[in-house]
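K.L.:
next comes the sequence, and after it the predicted model I'd like to discuss.
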Amino acid sequence: RRRRDGGRSRLSGKVPVVSEGSLSQSALARHHFDRLTKILEARGWKLTQGAVLLDFGCGAGQLVKTAIDHGLDAYGCDVDFEAAVRHLTADETVVFDDLRSQGRLVDVETDRVGTRGTEWLPIGSVPQPFQKYRLPFDDEVFDVVVSTEVLEHVFNYSDVVAELHRVMKPGAVFLQMFPP
């Protein structure tokens, strides 16, 4: 059955839509940071100077860079940085390399051996999930843990959430953004 509005969302025109393909990595990170800030403030939580933030599944680290530029003590982690940097501009590559050399972008330790996290698989095959994740951070370090369009790719939510909870300070904020 065809909708009377021609199939368009009734919200179009009311909700700003950002096409990820139309933005650079850094512009997209600024958009996500602004959205993150507004969501937190709407719930009574303000990001303050020096707050310690973790971007779980940080890709090339552009959100980490944006958070640092806004006065936060930000870090990121990912299971496959190699895939994240394939399409960066020269300037974005410099930012990525700088953040890696500062220890602000770190690898998530997993039990997967000998394969990359985003390897292409034959049609019909099932990817082997990581059985465990280990974030390379001490307990109770972060004031804020965020991820942008990451958790929908996770196979074992309870283990991941438990590990994220381990690195969060008591009273920390945990914000996960999912694609529309």
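P.N.:
That came through, no problem.
K.L.:
element containing residue 147?
P.N.:
strand 142-148 (DSSP states H and E).
K.L.:
continuing past that strand, what's the next helix or strand?
P.N.:
Following strand 142-148 toward the C-terminus (DSSP H and E): helix 157-167.
K.L.:
which non-adjacent residue is nearest the most centrally placed residue in the chain?
P.N.:
Closest residue to the average C-alpha location of the chain: residue 147 at 3.4 Å, with Cα atoms, centre = their mean. The spatial neighbour of residue 147 that comes closest, neighbours along the chain excluded (Cβ to Cβ, 6 or more residues apart in numbering), is residue 56 at 4.3 Å. For glycine as for every other residue, the C-beta is placed from the backbone atoms N, C-alpha and C.
K.L.:
contacting residues for the one you found?
P.N.:
76, 77, 135, 145, 146, 147, 150, 164 (Cβ atoms under 8 Å, 6 or more residues apart in numbering).
K.L.:
possible to save these as a markdown table with distance to residue 177 and pLDDT?
P.N.:
Output for these, formatted as a markdown table (distance: Cβ to Cβ, whole Å; pLDDT from 0 to 100):
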| residue | distance to residue 177 | pLDDT |
| --- | --- | --- |
| 76 | 15 | 94 |
| 77 | 17 | 91 |
| 135 | 19 | 87 |
| 145 | 12 | 94 |
| 146 | 7 | 91 |
| 147 | 7 | 88 |
| 150 | 9 | 73 |
| 164 | 14 | 91 |
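K.L.:
coming back round to it: note down every partner strand of the strand holding residue 147 and its orientation.
P.N.:
Here strand 142-148 has these sheet partners by DSSP bridges: strand 52-56 (parallel), strand 168-177 (parallel).
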